[in-house]
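Trainee: below: sequence and its predicted model.
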Amino acid sequence: MPRKRRSFSASFKSKVALDAIKGLKTVAEIAKLHQVHPSQVVLWKRERTAAWSSFSQRRARLRVDSRCVLISIPTLLRSP
């Protein structure tokens, strides 16, 4: 009889990925601790780092855009 597939919550995946990103333990140790396959740990780590870098890039773009708006408002006020 086949085994039922396990599904993991996003918070669990993030917790495991954060453990891997910290680098205090090996991937094998983290996988054993959380009872998952080591390839899952690597995959979740890769997904989280990609998501976080994407988020930081968008945040940086927003910061630059807001500075442009702040600079252009005083120039609009000076116009006759």
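Mentor: Done, it's in.

Trainee: next one: Val69, what pLDDT does it get?
Mentor: If you check Val69, the pLDDT there is 54.

Trainee: cool, and the one 10 residues further on?
Mentor: At Ser79 the predicted local distance difference test score is 50.

Trainee: equivalent analysis for Trp52, please.
Mentor: With respect to pLDDT, Trp52 has a value of 77.

Trainee: give me the phi and psi for Ser9.
Mentor: With angles defined as degrees, to the nearest 10, Ser9 sits at phi -70, psi 160.

Trainee: which ones are touching it?
Mentor: For Ser9, the contact set (C-beta atoms under 8 Å, 6 or more residues apart in numbering) is empty. Glycine gets a C-beta too; all of them are placed from N, C-alpha and C.

Trainee: let's see 10 Å
Mentor: Lys15 (C-beta atoms under 10 Å, 6 or more residues apart in numbering).

Trainee: ok, it to Lys15 distance?
Mentor: 9 Å (C-beta to C-beta, to the nearest Å).

Trainee: now Val41
Mentor: Where Lys15 is concerned, Val41 sits at a distance of 11 Å (C-beta to C-beta).
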